[in-house]
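A.B. asks: sequence isn't available, so here's the structure alone:
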């Protein structure tokens, strides 16, 4: 009988990270086959994995790692981007960075659960996990810069189930603690445009552009309608080359709600018309004074909130990252830790898209992200490369980039 093999945390974490980087749940099995045949493998050469752990040992080890330890890696990824001036191109109004917040679900089951699972009961009880994600975005930029997410989870001793807005307040503190000097504008949907959350933003020195829906802010809308009727709002109308009309209307210093201690905010709305038909309408509140000079940029910032859904969540769900796939649930931290490794892999890919010329050249050879990663996966299953860079060079030019 073989003796039980113990795998170090480094090998387990790097193997899990490699699985997310190559979007390949079977990467360990394929690399073990290479190891058996050639006595070397790509996990060793690219990720410095000494011994490839089996799935059971990998999941057991990662399940017991405090998630806060893995969250620290987001700062390790972020700092070189900032030092390398890649972050400069994300600057928005007044040199501030636009950070989008939104909740996303990544696990759901009627049978599998842990103490941290959220629950909902209709005909039967279902268990699920969600996080509030934070992503630096910028109008006109395709790439995004993920920050460490915040889990929405039940904690022992709490009688009330956790919710997105409470997690949103926690992530604000986390972002400020991690990035004490970063100038930030938070953008989020109407769930967040309430006094308690805005108070939290102010405590942490952050500006905001938050969606304000009529159903959530009835008094605010009534006051604005009255101001507009009396001609006390400001307007800007522009017609573009396609014949569409863009109407901007705003007012500064208007109460957020009807409570005694309500903050005054600056309200603006934007409507796009094609002929007599309204094709888009939305409205926001902000603490940034609105003028003729910045109203168009503010609307761009408010509308850019969709980037966290499209450029981040949609990519993670539908472009190979399998965000909603159950890689493993565990009893403690496994589900969330594997999500963190998935986010970190996405972060690394975004960094390479921004700054790595070889990665960009290799990616340009393929029409789709899925096709690109499928080629990389197939290649490392049969050939061993001394580095990720050598893999990319081989895919760009197989004739002259054959690995040793």
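C.D. replies: Right, received. Where do you want to start? A quick note: this is a predicted structure, and the numbers were derived from the prediction, not measured.
A.B. asks: quick one: residue 257 is in a helix?
C.D. replies: No. According to DSSP: H, G, I helix; E, B strand; the rest coil, residue 257 belongs to no helix; its state is coil.
A.B. asks: excluding its backbone neighbours, what's nearest it?
C.D. replies: residue 219 (5.8 Å; Cβ to Cβ, 6 or more residues apart in numbering). Just so you know, the C-beta spots here come from the backbone N, C-alpha and C atoms, and that holds for glycine as well.
A.B. asks: now find how far off-centre the one helix or strand the one you found maps to is within its chain.
C.D. replies: When elements are assigned from DSSP states H and E, residue 219 belongs to helix 218-229. Here the centre of helix 218-229 is set off from its chain's centre by 35 Å, with Cα atoms, centre = their mean, to the nearest Å.
A.B. asks: list the buried ones in it?
C.D. replies: 220, 221, 223, 224, 227 (16 or more other Cβ atoms under 10 Å).
A.B. asks: who are the packing partners of it?
C.D. replies: strand 244-255, strand 264-274 (3 or more Cβ pairs under 8 Å, 6 or more residues apart in numbering; DSSP states H and E).
A.B. asks: reformat the ones you listed as TSV; add distance to residue 161.
C.D. replies: Converted to TSV, those look like this (distance: least, Cβ to Cβ, whole Å):
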stretch	distance to residue 161
strand 244-255	32
strand 264-274	30
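A.B. asks: closest to residue 71 out of those?
C.D. replies: Among these, the nearest to residue 71 by Cβ to Cβ is strand 264-274 (31.8 Å).
A.B. asks: report the angle between that closest one and helix 218-229.
C.D. replies: 70 degrees (axes from the mean of the first three to the mean of the last three Cα atoms, to 10 degrees).
A.B. asks: count the residues that sit near residue 68.
C.D. replies: As a burial measure, residue 68 scores 10 neighbours (other Cβ atoms under 10 Å).
A.B. asks: ugh, typo on my part, it should be residue 201
C.D. replies: Count around residue 201 with other Cβ under 10 Å applied: 22.
A.B. asks: before we move on, what SS does it have?
C.D. replies: helix.
A.B. asks: how near is the residue nearest to it when sequence neighbours are not counted to residue 24?
C.D. replies: Excluding the flanking residues, the one nearest residue 201 by Cβ to Cβ, 6+ apart is residue 208, at 5.3 Å. According to Cβ to Cβ, to the nearest Å, residue 208 and residue 24 sit 40 Å apart.
A.B. asks: so residue 30 lies in a helix, does it not?
C.D. replies: Yes. The assignment for residue 30 (three-state DSSP) places it in a helix.
A.B. asks: doesn't residue 381 make contact with it?
C.D. replies: Yes. Using Cβ atoms under 8 Å, residue 30 is in contact with residue 381, at 4.6 Å.
A.B. asks: which one's more surrounded, the two?
C.D. replies: Taking neighbours as other Cβ under 10 Å, residue 30 and residue 381 compare with residue 30 leading, 20 against 17.
A.B. asks: how about that one, what does it touch?
C.D. replies: Residue 30 is in contact with 24, 380, 381, counting by Cβ atoms under 8 Å, 6 or more residues apart in numbering.
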